[in-house]
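Student: Please work out how this folds:
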Amino acid sequence: MNRHGKRFEVACYRNKILNYRQGIETDLSEVLQTDRVFVNVSKGLFASSKDLLTAFATSNQDDVCQIILDSGQVQIGDMERSATLENTAREVASMVVAKCVHPVSNRPYTMGQVRDAMKEAEFSVQPTTARSVKQQFLDCVRAIQKKGVLDIHRARMELAINFGGDAVVGGAKDLTRRLETEAQALIIRTN
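Tutor: Coordinates of the predicted model:
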């Protein structure tokens, strides 16, 4: 975090900072590797009390750490960033495999086919903070369809309704007829 022309940093555990910001973790000792404020963590240079007092109006290390955790930027390394992108790409591809099928055979595509299609369609995932995995899944399906890489469609949802007892059967037949009629009307409207 930059304040009054100085940079202030804290050393924290990456997975814990996200939990802290979501309110899951509240204990600072579980989030921070050390309770000191740094000017440069990688070089081990601590911030002076005078600089803290000027920038944050307090020299209390715990209060300053809390301010930095709440409103500071999280730095991510290259390896961590690439691992996050790979995990997001894998999640998007697995959603495509689970929710999309070949329109003629009605069979799902394999993970390898979907990953290759994503590359051919020039679809690249974004960090999950920018767009959710579901939004990226929808974008991916649109990109694959637009480029014509795979003949792919969303799988139709099947609905099963179980009724018990003789008294309910008459009402159930009525309900299923209405559902079929409404489903046909929906299909006609969307096509």
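Student: And the strands in this protein, which stretches?
Tutor: According to DSSP state E, the chain carries its strands in the segments 2-3, 6-7, 38-40, 45-46, 100-101, 153-154.
Student: Tell me which strands the first one pairs with, and in which orientation.
Tutor: So that's strand 2-3. Counting by DSSP bridges, the strands paired with strand 2-3 are strand 6-7 (antiparallel).
Student: so where's this protein shaky on pLDDT?
Tutor: The model of the chain has pLDDT under 70 over residues 128-130, 159-173, 181-191.
Student: number of nearby residues for the closest residue to Q126 other than its chain neighbours?
Tutor: Using C-beta to C-beta, 6 or more residues apart in numbering and skipping the chain neighbours, the partner closest in space to Q126 is Q136 (6.5 Å). Any C-beta I mention is one placed from the backbone N, CA and C, and that applies to glycine too. Close neighbours of Q136, defined as other C-beta atoms under 10 Å, add up to 21.
Student: who's in contact with Q136?
Tutor: Taking C-beta atoms under 8 Å, 6 or more residues apart in numbering, we find Q136 in contact with T88, V92, V125, Q126.
Student: V141 is in contact with C100, isn't it?
Tutor: Yes - V141 is in contact with C100 according to C-beta atoms under 8 Å; the separation is 6.2 Å.
Student: So for these two, which residues contact both of them?
Tutor: Residues touching both V141 and C100 (C-beta under 8 Å, 6+ apart): I152, R154.
Student: before we move on, back to that, which of the contacts of Q136 count as buried?
Tutor: T88, V92, V125 (16 or more other C-beta atoms under 10 Å).
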